[in-house]
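[1] Got a sequence here, can you build the structure:
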Amino acid sequence: MPKTQAPEPIRVGLLDGEPIRMEGLRSVFEQRPAPGLAQLVPVTGSLGELLSDQDIDYVVVDLNSSSNRLQTLSEMRRSRPGLRLIVIGPAGNDELIMESIIAGARAYLDGTAGPAAIRAALEVVIAGSIWAPRHLLSNLIDRLLSSPDVSRTNGSVLLTDREREVLDLILLARSNREIARALGIEARTVKAHVSRLMRKTGTENRIDLSMWALRGTLPPKRS
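    Numbering: from 1, shown residues only. Now for the predicted structure:
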């Protein structure tokens with residue numbers, strides 16, 4: 001049997017910070033990947049160096065080592081909108097976590113997270129998902145719903161009744177299994193609906209999909 005070719009290594013940026021904390025972050029990459037997963041390669045550099053490296057799509061940002069915090073995330077978002085940010089910051093600061101997600105973070109871990117948790121968050125983000133407490137995702141949706149300057153530009157996307165039902169439950173931060181139970185369908189069917197919703201809306205994950213829905217006007221329901 002021919003050997004299956006291993007996936008190309010994935011370069012992950014580590015934003016320069018305190019030497020001791022950086023040494024801890026590098027230990028995340030000592031673990032060998034599971035079969036079929038790519039090797040993660042750390043690349044340490046300044047903000048400018050990481051932003052200019054087009055081979056880096058994922059960056060770990062330690063807000064505990066940054067005095068500007070959200071300004072750093074916003075600058076990265078403006079310069080490289082496609083970057084996936086994994087943020088490590090203070091625990092118990094829900095406001096900072098939500099602001100980090102809005103600024104482009106795809107994962108938020110508190111400063112006590114060990115190498116295994118950081119590694120798991122990285123793999124979740126690389127797989128295209130979000131790593132964040134569910135109650136904070138619900139709070140984020142509440143904030144977007146109450147925003148006075150919400151633009152309404154999404155009326156041209158046509159959704160089926162079932163897709164609309166799935167989207168309504170995504171906006172309530174329900175998991176695929178919970179959506180399946182609520183609608184009386186299988187979880188794999190929900191996953192297929194979510195994939196179609198993302199294709200139709202040009203979004204990449206459930207957070208982007210939720211923000212798309214809340215920033216626009218959905219077409220009227222069929223009678």
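
[2] Can you find the helix or strand in this structure with the smallest mean pLDDT?
    Of all helical and strand segments in the chain, the minimum by mean pLDDT, DSSP states H and E falls on helix 134-145, at a mean of 64.

[3] Name the SS class of residue 59, please.
    Secondary structure, DSSP: H, G, I helix; E, B strand; the rest coil: residue 59 is strand.

[4] So what does residue 95 have for phi and psi?
    Phi and psi for residue 95, reported as degrees, to the nearest 10, are phi -60, psi -40.

[5] which intervals of the protein have sub-threshold pLDDT?
    1-6, 65-69, 133-156, 173, 214-223 (pLDDT under 70).

[6] quick one, strands of it?
    10-15, 40-45, 58-62, 84-89, 105-110 (DSSP state E).

[7] Parallel or antiparallel, list what pairs with the shortest one.
    Same thing as strand 58-62. According to DSSP bridges, strand 58-62 forms sheet pairs with strand 10-15 (parallel), strand 84-89 (parallel).

[8] Name the residues that touch that strand?
    Strand 58-62 has contacts (Cβ atoms under 8 Å, 6 or more residues apart in numbering) with 10-15, 17-18, 21-22, 25, 28, 50, 72-73, 76, 83-89, 105, 118, 122, 125-126. (Each C-beta comes from the backbone N, C-alpha and C, glycine too.)

[9] follow-up on the earlier one: could you point out which of the strands paired with strand 58-62 sits nearest residue 157?
    Distance to residue 157, taken as Cβ to Cβ, is lowest for strand 84-89 among the strands paired with strand 58-62, at 24.3 Å.

[10] got the CA positions of the closest one in PDB?
    Extracted in PDB, the C-alpha atoms of strand 84-89 (Å, rounded to 0.1, in the frame of the first residue of the first chain):
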ATOM      1  CA  ARG A  84      -7.200  33.800  11.900                       C
ATOM      2  CA  LEU A  85      -6.300  35.100  15.400                       C
ATOM      3  CA  ILE A  86      -5.900  32.900  18.500                       C
ATOM      4  CA  VAL A  87      -6.000  35.300  21.500                       C
ATOM      5  CA  ILE A  88      -4.700  34.600  25.000                       C
ATOM      6  CA  GLY A  89      -5.800  37.200  27.500                       C
END
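
[11] neighbours around the nearest residue to residue 15 once chain neighbours are set aside, how many?
    Leaving aside its sequence neighbours, residue 15 sits nearest to residue 61 (Cβ to Cβ, 6 or more residues apart in numbering; 5.0 Å). Residues near residue 61, counting by other Cβ atoms under 10 Å, number 27.

[12] other SSEs contacting the longest helix seen in the chain?
    Counting by DSSP state H, the longest helix found in the chain is helix 187-201. The helices and strands touching helix 187-201, judged by 3 or more Cβ pairs under 8 Å, 6 or more residues apart in numbering; DSSP states H and E, are helix 161-170, helix 176-183, helix 206-214.

[13] Turn the ones you listed into CSV, including mean neighbour count and distance to residue 56.
    Shown next, in CSV, are the helices and strands packed on helix 187-201 (neighbours: other Cβ atoms under 10 Å; distance: least, Cβ to Cβ, whole Å):
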stretch, mean neighbour count, distance to residue 56
helix 161-170, 18, 30
helix 176-183, 16, 30
helix 206-214, 20, 20
